[in-house]
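Chemist: Mind looking at a prediction? Sequence and model below.
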Amino acid sequence: MQETQPKPAGVTRWLLLIVCSVLAVAFLEHFHLPAALLLGPMFAAIVFSATRHPVRLPKITQQLSQAVVGTMIARAMPASVFTEMQHNWPLFILSVVSVIAASTLLGWLLAKLNVLPGSTALWGSSPGAATVMTLMAGDFGADTRLVAFMQYLRVLMVALLATLVSHYFTVGSSQKPPPLILFPAINYPAFLMTLGVILACTLLARVVRIPAGPMLISLVIGCLLQNFCGLHIELPLWFLALAYAGIGWSIGLRFTADILRYAVHALPGILLSVCTLLAICCGFAWMLVHYAGIDPLTAYLATSPGGADSVAIIASSTHVDQPFVMSMQTGRFIVVLIMGPAMSRLVVRWL
């Protein structure tokens, strides 16, 4: 009788997963790819899951990670962002509605042509923050694995094109992306307050039980405390890296060999959809330049469909109107966050 080799014990698998995740992050960061701290653990978890060596991630880890992401988004939404939206509300409404309409139409076409299931195609095409859309999608009937595949593929393509465009409009600039500083100086009182908010929001989410509750509750409460109570949200990079790893693992461990084959089969249609959305957004950017007198790079980054964190990094290293760019990106995220579930249900009925 042929003996089968025993699979590694749980602790050994966890150690291997952590090591593989660190190596994947280092590889992605070496090439300055966006969201390396999240994509690295996700890729490592996909390999473990697809090769039938999965590990079990405690639910509380996922919930805490979501709460950290929510406070991170709240930190990026100071009062100045809302002031900028108010000053440029006609452009804001036009740009946000145009990008959302284009992405919704493309998602509907992907579903109509049977490239992807209905709600999965719509959530995967949503131009909000990729992590948030992926987390919310599962609570509204979509396949989070395919949504993650679509969202992060678009993030990579958007970031690559945004980098090329920024280089084109800043010829002669030798600026490089800032290096990751995992252990910066910490404001410990603020960090402890932030931890308290994260824990409280996680516990509240376990009681309230709304879709993506830890993230949404911490986002709202963190934003209110920051703008009205003077809370300084302190999130050192090493702490964010732990949360990103939790999110990446929770997504990647759901992948199987079958779902990977399905994703590869749908890849041509997804690539065509992403390229079409990028072309449409470039058209919207040209309209902002031509009719509103906004400089080309600012207009492109403002209308870029998703990858707000990558856009923020690029905007910070170039001469653009950063408040305008981030108000457009943040505003679109808020609209998709509020309207996404209703839009998904409505469009699915039309299929």
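Modeler: Perfect, thanks for sending it. Numbers count the residues shown, from 1 in each chain.

Chemist: from here on, contacts and neighbour counts on C-alpha atoms
Modeler: Will do.

Chemist: how near is residue 21 to residue 201?
Modeler: 28 Å (Cα to Cα, to the nearest Å).

Chemist: lowest average confidence, helix or strand, in the chain?
Modeler: helix 308-316 (a mean of 65; mean pLDDT, DSSP states H and E).

Chemist: Would you mind listing the buried residues in the very next helix or strand once past that helix?
Modeler: Following helix 308-316 in sequence order, the next helix or strand is helix 322-350 (DSSP states H and E). Neighbour counts over helix 322-350 (16 or more other Cα atoms under 10 Å) mark 322-333, 336-337, 340-341, 343-344, 347-348 as buried.

Chemist: helix, strand or coil for residue 54?
Modeler: Using DSSP: H, G, I helix; E, B strand; the rest coil, the secondary structure recorded for residue 54 is coil.

Chemist: So what's the gap between stretch 194-203 and the chain middle?
Modeler: Relative to its chain's centre, stretch 194-203 lies at 21 Å (Cα atoms, centre = their mean, to the nearest Å).

Chemist: In space, not sequence, find me the middle residue of the chain.
Modeler: The residue lying closest to the centre of the chain (Cα atoms, centre = their mean) is residue 130, at 2.6 Å.

Chemist: Show me where the stretch 51-200 of the chain dips below the pLDDT cut-off.
Modeler: 128-129, 167, 170-180 (pLDDT under 70).

Chemist: which residues of it fall in helices?
Modeler: 59-75, 79-87, 89-112, 118-125, 130-137, 144-169, 188-208 (DSSP state H, counting those that start in this stretch).

Chemist: Could you measure from the spatially closest residue to residue 42 that is not a sequence neighbour over to residue 44?
Modeler: Nearest non-adjacent residue to residue 42, counting by Cα to Cα, 6 or more residues apart in numbering: residue 248, 4.0 Å away. Residue 248 sits 9 Å away from residue 44, going by Cα to Cα.

Chemist: Could you give the number of residues near residue 273?
Modeler: Neighbourhood size, residue 273 [other Cα atoms under 10 Å]: 21.

Chemist: Now for it: which residues touch it?
Modeler: 106, 110 (Cα atoms under 8 Å, 6 or more residues apart in numbering).
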